[in-house]
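Participant: Below are the sequence and a predicted model; questions follow.
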Amino acid sequence: MMLRYALQSVRARKAGFLGAFLALLCAAALITACGTLLDTGLRGTIRTERYAAAPVVVSADQYVHRTTVKHKKGKTKVKHKAKPIAERAWLPERLRGTLAHTPGVARVVPELTFPAQPLTQGGTGVRAAYGHAWDSAALTPYRLTAGGAPQAAGDVVIDGYLAARDRLRPGDRLTVQSTQAPRTYRITGIAAPATAVRHQTSLFFSTGEARRLAAHPGQVTAFGVLPAKGADPERVRGSVARALHGTTAQVSTGDARGPVEFLDAAAARTRLVSMGGAMGGTSLLVAVLVVVGTFALTVQQRHRELALLRAIAATSGQIRKLLGREALIVGALAGTAGALLGLPLGGWLHARFVALGAVPDTLDHTVSVFPPLAALAATILGAWAAARIASRRIARIRPAEALAEARTERTRPAWGRIAAGLSLLAGGVVLVVVLTSLRTEPASTPVTFLAVVVLSASVALLGPLLVKAAALLLAGPLRLTGHGGRLATANLRGNAARMASVVTPLTLLVGMTCTVLFVQDTLGDAARTQVREGVRADWVVAAQGPGVPGEAAERLRARHDTVTEVVRTTVRVGLDKYPAQGVTPAGLTRTWDPKVTAGSLDRLGPGTVAVSELAADQQHLTPGSTLKLTLGDGTPATLTVAAVYARGLGFGDLTLAHDLVARHVDNPLASSVLVRTSRTQTQLATTLREFPGVRILSPAAADALQADRQQANAEVNYLAMGLVLAFTAIAVVNTLAMSVAERVREFALLRLAGATRRQVLRMLRTEALSVLLLATSVGSGIALAVLSAFSVGMTGRAAPTVTPLLYLGVVAVAGLLALVASAVPGRAALRVRAVTVATAKE
């Protein structure tokens, strides 16, 4: 019976349910899009290219492992955790003999992979360029289409893609920037792959030259194992795994070969899981807040209708069932449509992340039924819960009071709502306080956005009180605006609940947008400030390509300049990840000042390390302490702490000797070289004229370049939260339009009482601007509190970076949305003849 009534109600009140339908549709689309990112991170395929002809691939373990054993109440509990390392781990070449004697193995092909960037005018486009030994061409396989194989150290074979892109032929000369000084090679041949290779360009060198450029004597990147004719690859894999038992080698077949080849794609999986989970969680919280507010407004608009049902003996349970079934119908329709829309939205979002470089295109976008089903379930459940929450008041009042209460807004305070709002406010304050103690970005970011949502939820519950308080404060100024101002004041006082439903999404829009825009600027500007204060060099040498070769630094040293090479990496202490750098110890204090607070950089060398105050606090380190860590390629190292410094945000948490780091990274070229000299920029450029792509920058120019990179990285975060903000903006328009559209009878009575259309529209504008002022003030206050707490935790001082013009732009957009969303439905409502509306039966 109730289901039939619910269907009839939805059919008869299509316009009334449109707002709830739009809110739920956007929520389902948003959750589906975020879910596809999460699904891609968990199950996305990484297809192999280089190892297409090698059914079995042996590689080094790319993880740091830790096993803990706990004894409790006579029981032993063993926990094993693993975290990925930042660089490629290498294998001992001596394992080749073991593999060659394994049953079922016909051939073992060693693989060397290292960066090798051709310095051509056209470059390699979006493809990464890698160097290999020609012997490993069989792993794809690559076959010569022109010329011959490389024989001498100065020979190279290029693939067909590079040859076509830069119009190269056998006999041409090609300069390549690899791990050493750039060198010019003679192209001896052009090779084409037997299978599709879309994500990389391969350059093949002679075996001796490849070993020199790989710079890992006695080690290889991987082994490609070719089974004997007729042998089952899975059985061969098992035999190889047994032969390598006791070593750190990993054996892969099928789709598991892709992560071995594309380490960045494997790392992106973890990043996508984190990003998709954070976006999805924030989206869900925002959706719940918006949908509950929308349903509350819908129920409020039907208050008289529901009161009449209570007056003719409908029970509380029947009212709840009616509203619940209506919500289920609307939720099912909106959830289905939104989930279907979310699939292409998720694909677009993944494509944008690839274009911005946050996700490599080697990780295929995964589409499955799980995200749409989860979004549909969340939408239906959210709609039902929102309807139940919104119907609590009307379902609980006595039938005799129902019609009387429906005529006027309730004046008595809803103590339960106030208590819940104060509880959420207290929870938001706790999150802000916690945020001041979080000193790493991965820990701070989720708490930052959660605090904004929780504080906005408290505004939703305390909204009527805030609106009444704002009405008292604005009563005097609004009277000066004439009749429209006085009418707006009366509406703010008499319809606080309705106005509060508009304040909530506007507050969330302003608060969330300001937080998203300024949280990265706060962190980035603090880091750049530390770098500016800590760099003492006269010039900074940077490179447009892979980096600055060590030979360039040696040329500068030969001219008696003080030179500090900087190589970036990431290391792990236990399972904790820290950004690290390798610097040249000699003359370090002349070019670089990380603000040492304990110890001395004079003791920095191959067996020592300098640590930031954050790392020192977390690992309980002081000068002289022993620190066990895992270098970027998985090599363990035990070092002595030489110094503790304060500028870790700008310079990284761990600083090691350059030579130690350079031996354990994929790209040993310096990301920058700091130079202290009396020579001019032109003289330095003349010294480095043999190194193409190297630029001499002033510290100010280097800082500007870093600012551009910071902005590019921030775009990823803007995109990540942009959909949530777009959903919130739609909710603002939706709620305002619903709020104004239901006031047709009120407008008609005002016109019959003598108000003109212009006066009514002026009243609407004044209301919208009053609500905007309140929402902007509260939203800005929330953002400022959260950003200040974030700044305290990350930088040690409350100094959030806020761009005034950008902030004014946010307020202007919010104001435009508020004015348009109130004016358009208001004008439509005023087109109806006042006498017709006023005399219509209720």
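Facilitator: Right, received. Where do you want to start?

Participant: Phi first, then psi, for the residue lying closest to His658 once chain neighbours are set aside.
Facilitator: With sequence-adjacent residues excluded and distances taken as Cβ to Cβ, 6 or more residues apart in numbering, His658 is closest to Gly582, at 4.2 Å. All C-beta atoms are positioned from the backbone trio N, CA, C, and that covers glycine. In terms of degrees, to the nearest 10, the main-chain angles of Gly582 are phi -110, psi 130.

Participant: Name the residues of stretch 195-212 that come out as buried.
Facilitator: Buried residues in stretch 195-212, defined by neighbour count with 16 or more other Cβ atoms under 10 Å: 197, 199-206, 209-212.

Participant: no, scratch that, I was asking about stretch 323-333
Facilitator: Residues of stretch 323-333 classed as buried: Leu323, Gly324, Arg325, Glu326, Ala327, Leu328, Ile329, Val330, Gly331, Leu333 (neighbour count, 16+ other Cβ under 10 Å).

Participant: Skipping adjacent residues, who's closest to Leu649 in space?
Facilitator: Nearest in space to Leu649, with sequence neighbours left out and distances taken as Cβ to Cβ, 6+ apart, is Ala527 at 4.7 Å.

Participant: Rounded mean pLDDT for the helix or strand that contains the one you found, please.
Facilitator: Assigning secondary structure by DSSP states H and E places Ala527 in helix 496-534. Helix 496-534 comes out with an average pLDDT of 85.

Participant: if we can go back for a sec, for the buried residues of stretch 195-212, work out which two are farthest apart.
Facilitator: His199 and Arg212 (26.0 Å; Cβ to Cβ).

Participant: hang on, the earlier thing: the buried residues of stretch 323-333 in helices, which ones?
Facilitator: Under the assignment DSSP state H, the buried residues of stretch 323-333 contribute Leu323, Gly324, Arg325, Glu326, Ala327, Leu328, Ile329, Val330, Gly331, Leu333 to helices.

Participant: quick one: which of those residues is nearest Arg88?
Facilitator: Gly331 (48.6 Å).

Participant: if I pick that closest one, what's in contact with it?
Facilitator: Leu24, Thr379, Ile380, Leu381, Gly382, Ala383, Trp384 (Cβ atoms under 8 Å, 6 or more residues apart in numbering).

Participant: export these to a markdown table and tack on distance to Leu523, neighbour count and secondary structure?
Facilitator: Shown next, in a markdown table, are the contacts of Gly331 (distance: Cβ to Cβ, whole Å; neighbours: other Cβ atoms under 10 Å; DSSP: H, G, I helix; E, B strand; the rest coil):
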| residue | distance to Leu523 | neighbour count | secondary structure |
| --- | --- | --- | --- |
| Leu24 | 35 | 31 | helix |
| Thr379 | 34 | 30 | helix |
| Ile380 | 39 | 22 | helix |
| Leu381 | 36 | 15 | helix |
| Gly382 | 33 | 25 | helix |
| Ala383 | 38 | 31 | helix |
| Trp384 | 40 | 19 | helix |
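
Participant: so can I have CSV of these showing pLDDT and distance to Lys468?
Facilitator: Conversion of the contacts of Gly331 to CSV gives the following (pLDDT from 0 to 100; distance: Cβ to Cβ, whole Å):
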residue, pLDDT, distance to Lys468
Leu24, 84, 30
Thr379, 88, 33
Ile380, 89, 35
Leu381, 87, 33
Gly382, 81, 29
Ala383, 82, 30
Trp384, 84, 31
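
Participant: Which member of the residues you listed is positioned nearest Arg590?
Facilitator: Gly382 (61.2 Å).

Participant: Not including adjacent chain positions, what is the nearest residue to the closest one?
Facilitator: Per Cβ to Cβ, 6+ apart, closest to Gly382 is Val291, 5.3 Å.

Participant: you'd agree the one you found is in a helix?
Facilitator: Yes. Under DSSP: H, G, I helix; E, B strand; the rest coil, Val291 sits within a helix.

Participant: Could you list the low-pLDDT ranges of the stretch 1-150 of the chain?
Facilitator: 1-17, 71-74 (pLDDT under 70).

Participant: Among the buried residues of stretch 195-212, which are located in strands?
Facilitator: Counted as lying in strands by DSSP state E, out of the buried residues of stretch 195-212, are Gln200, Thr201, Ser202, Leu203, Phe204, Phe205.

Participant: pLDDT score for the second one?
Facilitator: At Thr201 the predicted local confidence, pLDDT, stands at 94.
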